[in-house]
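Chemist: got a structure for you, letters missing:
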């Protein structure tokens, strides 16, 4: 049998490490594109935390939050890609 609280604790630690590394890249990124990719990663970590919370609590409302975050992130990434294309590469 799988010990769900133990698995959730391990996944939370892994997500916190990813959160810290992406936050570091967002602060120290040499280019605007690097910082936006780090922001994209931070949003992905937030979606993962929301999904993990939905599994732990059994409430599907957290999955709705994850879906909303991912849709907003997709639109923001597409808009930023268009911005970088017009600007000239993001260097």
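Modeler: Noted; the coordinates are in hand. Note that this is a predicted model, so its numbers are computed, not measured. Numbers count the residues shown, from 1 in each chain.
Chemist: show me where this structure has helices.
Modeler: Per DSSP state H, the chain carries helices over the ranges 4-28, 32-57, 61-87.
Chemist: so which of those is the most packed in?
Modeler: helix 32-57 (a mean of 17; mean count of other CB atoms under 10 Å). All C-beta spots, glycine's among them, are computed from the backbone N, C-alpha and C.
Chemist: just checking, what packs against it?
Modeler: Using 3 or more CB pairs under 8 Å, 6 or more residues apart in numbering; DSSP states H and E, the elements in contact with helix 32-57 are helix 4-28, helix 61-87.
Chemist: mean pLDDT added to the helices of the chain, as TSV?
Modeler: Formatted as TSV, the helices of the chain follow (pLDDT from 0 to 100):
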stretch	mean pLDDT
helix 4-28	94
helix 32-57	93
helix 61-87	92
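Chemist: the spatially most central residue of the chain: what's it in contact with?
Modeler: Nearest residue to the geometric centre of the chain (CA atoms, centre = their mean): residue 44, 1.9 Å. By CB atoms under 8 Å, 6 or more residues apart in numbering, residue 44 lies in contact with residue 73.
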